[in-house]
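A.B. asks: structure here, sequence nowhere to be found:
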Ligand SMILES: Cc1ncc(COP(=O)(O)O)c(C=O)c1O
Ligand SMILES: N[C@@H](CCOP(=O)(O)O)C(=O)O
């Protein structure tokens, strides 16, 4: 598959080059040149297919021919070595748990898939690749874990100081080896801007091969489409009118769901559920797209004021506002509403949700008011214990710590403080 830049000022490129570059030279995001819908029988016979078979059939067109099918099968098997259960809450609402991976956030799949693709592309050369990542909380930990010890790859993670949870910070600052963490005095958007600026800096790109492990990288973004197929496999026999409520920040996840829809997944609608960072909610109400500085909330991984992937979403729907509105609704919720939702989910359904999942639940409720016949699946994108302070305060109960979390708790944080792009550049050049 070839990819084109959404800024349309750079040459089209292969999957391999798109993964190694991350962002196109014109600063555009890469987008697949074509998408062939999957054979209908795949959806008809989905019960007979395993998760790895479904994932293989869905992604192979995007990575061929650079990743041979036998290699792809191994990459997928290693990537998907944990479960993706759907838990029903009532007749109209289920949750898809995406936190059973090593860092207990949905980013694990994309990070593990991309690390293995890059490892494969790098196996025969000695060129060192530097992976730059901006994180508002979860991407950093997942990328640190997924890329730890990958030959020929150094990872530099930028995170906003004081704006990630304690456990998230431990996950991204304690692994050592080829993983370095930079603590930025600023917001997630500042981190993301610095990363994007580095890709354009010829002094840097002349001396090192830089790539991104944020969802701007197609190998990080596209595997997220698996989740929607896995949910369908578990629900299709019970519910016909399935909609997904996706807690959204950088909009990579909901956009991956839309790719699954383009591949033929019978899903009738998407809901982008937001916290107070609501540029897309406002766009759908006003047709004005106005990025804003991000606001700090208790669903911190969604504190994004200028979501990278919105441009891909517009491309999927041919930049038509009407088509977009037919396929996407968006709602925004305050921290107080999110806390009430955590409480409600616990008291009504005896289920402990994290603040991001709780925003997704609220999105379901808002949508179901207008569409009572739908079955809404909200994505539970991180494990509640990653946000221990908030969750325990709301449900007033101590939560047991899963092994993955206990493992990092006692480790020592190592980070380097920076405030400006110049400091990032100096760090990269002196490394
Ligand atoms: C727990 C959690 N929920 C939701 C999101 C938002 O996902 P996206 O950036 O793909 O919109 C993130 C971060 O990406 C996250 O870590
Ligand atoms: N919410 C993310 C922000 C970055 O999103 P990405 O999907 O583009 O990596 C985080 O947790 O870091």
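C.D. replies: Received the coordinates, thanks. All figures in this text were calculated on a predicted structure; none of them were measured in a lab. Ligands and ions are numbered 1, 2, ... in the order given.
A.B. asks: what residues does this structure have near ligand 2?
C.D. replies: 135-140, 214-215, 249-250, 252, 301, 308 (C-beta under 6 Å from any ligand atom). The C-beta positions use only the backbone N, C-alpha and C, and glycine is treated the same way.
A.B. asks: the same query, at a cut-off of 8 Å, please.
C.D. replies: 105, 107, 110, 133-140, 143, 159, 168, 188, 192, 213-216, 220-221, 249-250, 252-253, 301-304, 308-309 (C-beta under 8 Å from any ligand atom).
A.B. asks: ok, and which of these reach ligand 1?
C.D. replies: 105, 107, 136-139, 215, 249-250, 252-253, 301-302, 304, 309.
A.B. asks: in ChimeraX, select just the buried ones from those.
C.D. replies: Filtering those down to the buried ones (16 or more other C-beta atoms under 10 Å) takes a single ChimeraX command:
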select :105,107,136,137,138,139,215,249,250,252,253,301,302,304,309
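A.B. asks: give me the subset of the residues of the chain next to ligand 2 lying in strands.
C.D. replies: Under the assignment DSSP state E, the residues of the chain next to ligand 2 contribute 133-134, 159 to strands.
A.B. asks: ok, back up a step: of the ones next to ligand 1 among the residues of the chain next to ligand 2, which is the nearest to residue 29?
C.D. replies: Nearest to residue 29 out of these is residue 309 (C-beta to C-beta; 7.3 Å).
A.B. asks: how much space separates the closest residue in space to that closest one that isn't next to it in sequence from residue 123?
C.D. replies: Spatial nearest neighbour of residue 309, excluding adjacent residues (C-beta to C-beta, 6 or more residues apart in numbering): residue 251 at 4.0 Å. As judged by C-beta to C-beta, to the nearest Å, residue 251 and residue 123 stand 33 Å apart.
A.B. asks: ok, those two, which is more surrounded?
C.D. replies: residue 251 (26 against 9; other C-beta atoms under 10 Å).
A.B. asks: give the contact list for the more buried one.
C.D. replies: Each residue near residue 251 by C-beta atoms under 8 Å, 6 or more residues apart in numbering is listed here: 272, 280, 307-310, 312-313.
A.B. asks: and the ones in strands among the residues of the chain next to ligand 2 as a markdown table, adding distance to residue 56 and pLDDT?
C.D. replies: Formatted as a markdown table, those follow (distance: C-beta to C-beta, whole Å; pLDDT from 0 to 100):
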| residue | distance to residue 56 | pLDDT |
| --- | --- | --- |
| 133 | 26 | 97 |
| 134 | 30 | 97 |
| 159 | 33 | 98 |
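A.B. asks: looking at these, which is nearest residue 172?
C.D. replies: Closest to residue 172, out of all of these and judged by C-beta to C-beta, is residue 159, at 6.2 Å.
A.B. asks: run a quick neighbour tally on the residue nearest to that closest one when sequence neighbours are not counted.
C.D. replies: Spatial nearest neighbour of residue 159, chain neighbours left out: residue 135 (4.9 Å); criterion: C-beta to C-beta, 6+ apart. When neighbours are counted by other C-beta under 10 Å, residue 135 registers 28.
A.B. asks: so residue 135 sits against residue 188, correct?
C.D. replies: Yes: with contacts counted by C-beta atoms under 8 Å, residue 135 reaches residue 188, the gap being 7.3 Å.
A.B. asks: what do the two both touch?
C.D. replies: residue 159.
A.B. asks: just the mean pLDDT for the helix or strand where residue 146 lies, thanks.
C.D. replies: In the assignment (DSSP states H and E), residue 146 maps to helix 138-147. The predicted model assigns helix 138-147 a mean pLDDT of 96.
A.B. asks: ok, now stretch 30-37?
C.D. replies: 98.
A.B. asks: that stretch: which residues count as buried?
C.D. replies: So, applying 16+ other C-beta under 10 Å, buried residues of stretch 30-37: 30-32.
A.B. asks: count the residues that sit near residue 277.
C.D. replies: 27.
A.B. asks: swap in residue 392?
C.D. replies: If you count neighbours by other C-beta under 10 Å, residue 392 ends up with 15.
A.B. asks: list phi and psi for it.
C.D. replies: With angles defined as degrees, to the nearest 10, residue 392 sits at phi -70, psi -40.
A.B. asks: in the stretch 1-150 of the chain, what residue is nearest ligand 1?
C.D. replies: Ligand 1 sits closest to residue 138 of the stretch 1-150 of the chain, with a gap of 3.1 Å, by C-beta to the nearest ligand atom.
A.B. asks: quickly note the distance from that residue to residue 11.
C.D. replies: Distance of residue 138 to residue 11, given as C-beta to C-beta: 33 Å.
A.B. asks: can you check residue 394 too?
C.D. replies: Distance of residue 394 to residue 11, computed by C-beta to C-beta: 51 Å.
A.B. asks: same deal with residue 298?
C.D. replies: On the measure of C-beta to C-beta, residue 298 and residue 11 end up 44 Å apart.
A.B. asks: what about these two, which has more around it?
C.D. replies: residue 298 (25 against 11).
A.B. asks: name all residues that make contact with that one.
C.D. replies: Contact analysis of residue 298 by C-beta under 8 Å, 6+ apart lists 275, 335, 338-339, 355, 387, 390.
A.B. asks: ok, of those residues, which one's closest to residue 374?
C.D. replies: Nearest member of the contacts of residue 298 to residue 374, counting by C-beta to C-beta, is residue 338, at 22.0 Å.
A.B. asks: how many residues are close by that closest one?
C.D. replies: As a burial measure, residue 338 scores 28 neighbours (other C-beta under 10 Å).
A.B. asks: what residues sit buried inside the helix or strand encompassing it?
C.D. replies: Using DSSP H and E, residue 338 sits in helix 335-349. Of all the residues in helix 335-349, those buried under the rule 16+ other C-beta under 10 Å are 335, 338-339, 341-342, 345-346, 349.
A.B. asks: secondary structure element for residue 131?
C.D. replies: Using DSSP H and E, residue 131 falls in strand 129-134.
A.B. asks: which residues touch residue 213?
C.D. replies: Contacts of residue 213 (C-beta under 8 Å, 6+ apart): 22, 111, 114-115, 131-133, 139, 143, 146-147, 155, 220.
A.B. asks: OK, contacts around residue 116?
C.D. replies: Residue 116 is in contact with 75, 78-79, counting by C-beta under 8 Å, 6+ apart.
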